[in-house]
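Trainee: dropping the sequence and predicted coords here.
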Amino acid sequence: MTAVTMAATAGTGRRAGTGQLAGTWALLRLALRRDRIIMPLWVIVLGGSFSSVGTSISSLYDTAGSRAELAASMNGNSSLRAMYGPVFGDSVGALVSWRMIAFGAALAAVMSLVVVVRHTREEEETGRQEMLSSAMVGRRAPLTAALLAALIANAALALMIVAGMAGSGAGGAGAVALALSVAGVGALFACTAAIAAQFTESARLAKGLTAAVIGAAFVLKAAGDSATDDGSSVLTRLSPLGWAENVRPYAAERWWVLLVIAGAVAVQCAVAYALTGRRDVGMSFLATRPGPARGRISTALGLAVRLQRGALMGWTLSFAVVGVVFGGLTGGAADLVGDNEKTKEIFERMGGQSGLTDAFLASMVSVLGTVAALYIVSSVLRLHGEETAGRAEPVLAAGVGRIGWAAGHLLIAFGGAALIMTVGGLGLAVGYGHELPAVLGASLVQLPAVWLLGGVTVLLYGALPKAAAAGWGLVGLCLALGWIGPALDLPQPVMDISPFTHLPKLPGAAGMEWGPVVLLSAVAVVLVAGGLAGLRRRDMLSG
């Protein structure tokens, strides 16, 4: 008996409640059971990174004077403020908060959106929710269970942060404020994901919409923080990530800002509950437009373009905006550390040894590359969603071969990754004001690593479809290594897990190294071929 069937049976046998929340605890137990591996991994890796950064800062800046110098140099540069926010104190805890609060809150938001969408819209999309709803399960029970699962994950993350900061010698009220800020933003975007799940019929689109809101929050915070050094910009105050940094852990904490976050959580939660009570299971407020297959949509490639064009357009626009913003910050990179050699070493580990401005550009290009990996994994997994939802079978029954059906989606995935990296590189060059060929070339050099992660996902989907979602975990690991690894000065063998580590640090490297680029590209081709071979031989899944 499967876990889903057991939950449905438990709901049928339960007489305790027939209201709109009936069956919530059974669904919550099911959600926690399904996430018993991925959720603890998120919490341990993300929570542990705070204490690791604290240990690193204590080692690199072991005197009050060096920490004060670091804080002054960071606050005096708009480029670094845009990335990490202003520094509100020179203690170890305050510097950890400065370095981690924005990225930690953003990653907590990603964790929350994955949990909520998986247990709401994805359940409806695959048809499992309809089976569960046939038992004694209330209309709002699935949403409640999903939000509770996300809340439990964020509460565990908060406890992990508090324990880690205390272990690194920076506990106290500041650790509690830092933990509540990060977990609060995670809970806030869990509610955002719940709202997105009401408006779309696709779990993938719900994730994309929520991710776009997270990206917009980061851009607003970056633009606001680049303009002011105290977090007082209107743009910063419009961003939930800006709210988190304005709690000011370890620097005369502003506890009232947590009430703002709690209020936003309550409002969004109420909206999600109101919306879920006004639609049928499997339906959405933005229904898919029906219509006959005419013209270009009558081919497998045309169908893939129609299904994925919205997401691709959104990613392309986002990369254009982010590229321009990052490019505009590059001009001040040369002044961002002054004479602080230790901070300079961190950026050179991220972007190479070819001058601070080039190192900053290289690190920004690397950020674009790792984020593009999220797009390619999402696009490849559209195949899995089409298959499990039963929409692939009618297409394959109409004379379209499996390879041809998959090839259309893979062309959008791999070609789309090239498109968004090109647009991101152009935006970076436009924002910077010059060096268009060098910056664009550096952006395109990231593609072999992006394609390799896409190839791993194709292989998992073709050979082990139930494990295909592990592609998200691999990308998350690469994101963590790229964003946090240089600050922690992790051992090179650990950093080498990420394919992005093997690429030449462009622009500004001594010379273009074609070996890693060719090798990663070849491995990506082999992985895709292996995935397609597995797809051709295995049975198709069904919802």
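Mentor: Arrived safely.
Trainee: measure the residue nearest to residue 109 when sequence neighbours are not counted to residue 514 for me?
Mentor: Spatially, and ignoring its direct neighbours in sequence, residue 109 is nearest to residue 189 (3.6 Å; CB to CB, 6 or more residues apart in numbering). Bear in mind the C-beta positions are built from the backbone N, C-alpha and C, glycine included. For residue 189, the distance to residue 514 equals 41 Å [CB to CB, to the nearest Å].
Trainee: which one's more surrounded, those two?
Mentor: For residue 189 versus residue 514, the count of surrounding residues by other CB atoms under 10 Å is larger for residue 189: 31 against 10.
Trainee: residue contacts, the more buried one?
Mentor: Residue 189 makes contacts with 108, 109, 112, 113, 210, 213, 214, 240, as judged by CB atoms under 8 Å, 6 or more residues apart in numbering.
Trainee: ditto for residue 85
Mentor: Taking CB under 8 Å, 6+ apart, one finds 98, 101, 102, 221, 225, 231, 242, 245 in contact with residue 85.
Trainee: show me where pLDDT drops low in the chain?
Mentor: The model of the chain has pLDDT under 70 over residues 1-18, 77, 79-80, 129-135, 280-298, 329, 331-356, 484-490, 508-511, 542-543.
Trainee: in it, which residue is most central in space?
Mentor: residue 110 (4.7 Å; CA atoms, centre = their mean).
Trainee: right, and it touches residue 213 too?
Mentor: No - look at residue 110 against residue 213 with CB atoms under 8 Å: they stay out of range, at 11.3 Å.
Trainee: all helices for the stretch 51-200 of the chain, in order.
Mentor: 64-75, 78-84, 92-118, 121-126, 128-133, 141-167, 173-199 (DSSP state H, counting those that start in this stretch).
Trainee: nearest to residue 524, out of those helices?
Mentor: Of all the helices of the stretch 51-200 of the chain, helix 92-118 sits nearest to residue 524, with 24.3 Å by CB to CB.
Trainee: helices or strands next to that closest one in the packing?
Mentor: With contacts taken as 3 or more CB pairs under 8 Å, 6 or more residues apart in numbering; DSSP states H and E, helix 92-118 sits against helix 38-60, helix 64-75, helix 78-84, helix 141-167, helix 173-199, helix 203-227, helix 240-246, helix 470-488.
Trainee: relative to helix 203-227, how tilted is the last one?
Mentor: Taking axes from the mean of the first three to the mean of the last three CA atoms, to 10 degrees, helix 470-488 and helix 203-227 form an angle of 20 degrees between their directions.
Trainee: ok, the first one next?
Mentor: Computed with the same axes, to 10 degrees, the direction of helix 38-60 lies at 20 degrees from that of helix 203-227.
Trainee: how close does the residue lying closest to residue 479 once chain neighbours are set aside get to residue 98?
Mentor: In space, residue 479 comes closest to residue 370 once its chain neighbours are excluded; the distance is 5.1 Å by CB to CB, 6+ apart. Residue 370 sits 21 Å away from residue 98, going by CB to CB.
Trainee: same thing with residue 380?
Mentor: Taking CB to CB, one finds residue 380 at 36 Å from residue 98.
Trainee: what does residue 363 give?
Mentor: Distance, residue 363 to residue 98, by CB to CB: 17 Å.
Trainee: so between the two, which is more surrounded?
Mentor: residue 98 (28 against 23).
Trainee: what helices or strands is whichever strand or helix holds the residue nearest to residue 479 leaning on?
Mentor: Following DSSP states H and E, the helix or strand that holds residue 370 is helix 356-388. Judged by 3+ CB pairs under 8 Å, 6+ apart, helix 356-388 is in contact with helix 203-227, helix 300-330, helix 341-351, helix 392-397, helix 402-432, helix 436-445, helix 447-463, helix 470-488.
Trainee: could you check the angle it makes with helix 92-118?
Mentor: Using the same axes, to 10 degrees: helix 356-388 against helix 92-118 is 20 degrees.
Trainee: neighbours of the residue nearest to residue 168 when sequence neighbours are not counted, how many?
Mentor: Once flanking residues are discounted, residue 168 sits nearest to residue 54: 3.5 Å by CB to CB, 6+ apart. Per other CB under 10 Å, the neighbour tally for residue 54 reads 25.
Trainee: distance of residue 54 relative to residue 61?
Mentor: From residue 54 to residue 61 the distance is 11 Å (CB to CB).
Trainee: mutual contacts of those two, please.
Mentor: residue 92.
Trainee: so what's residue 213 closest to, chain neighbours aside?
Mentor: Closest to residue 213 by CB to CB, 6+ apart is residue 192, at 5.6 Å.
Trainee: my error: substitute residue 195 in the last question.
Mentor: Using CB to CB, 6+ apart, the closest residue to residue 195 is residue 272 (4.9 Å).
Trainee: now for that neighbour: which residues touch it?
Mentor: Counted by CB under 8 Å, 6+ apart, residue 272 has contacts 143, 147, 191, 194, 195, 197, 198.
Trainee: touching, the fifth one and residue 271? I think so.
Mentor: Yes - proximity of residue 195 to residue 271 meets the contact threshold set by CB under 8 Å, at 5.7 Å.
Trainee: among these two, which residue is more densely surrounded?
Mentor: residue 195 (21 against 15).
Trainee: any idea how far residue 119 is from that one?
Mentor: From residue 195 to residue 119 the distance is 15 Å (CB to CB).
Trainee: try residue 251
Mentor: Residue 251 is 37 Å from residue 119, by CB to CB.
Trainee: the more surrounded of the two?
Mentor: residue 119 (26 against 19).
Trainee: quick one: closest of the helices and strands packed on helix 92-118 to residue 320.
Mentor: It's helix 203-227; of the helices and strands packed on helix 92-118, that one is closest to residue 320 (CB to CB) at 11.6 Å.
Trainee: could you point out which element follows that closest one?
Mentor: Downstream of helix 203-227, the next assigned helix or strand under DSSP H and E is helix 234-238.
Trainee: that next one: how far from the chain's middle?
Mentor: Relative to the chain's own centre, helix 234-238 is displaced by 22 Å; criterion: CA atoms, centre = their mean, to the nearest Å.
Trainee: kindly export that helix (C-alpha atoms) in CSV.
Mentor: Output of helix 234-238 as CSV, limited to C-alpha atoms (Å, rounded to 0.1, in the frame of the first residue of the first chain):
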residue,chain,number,x,y,z
VAL,A,234,12.1,53.0,0.0
LEU,A,235,13.1,50.2,-2.4
THR,A,236,14.7,48.3,0.5
ARG,A,237,11.6,48.7,2.6
LEU,A,238,9.5,47.3,-0.2
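Trainee: cheers, nothing more for now.
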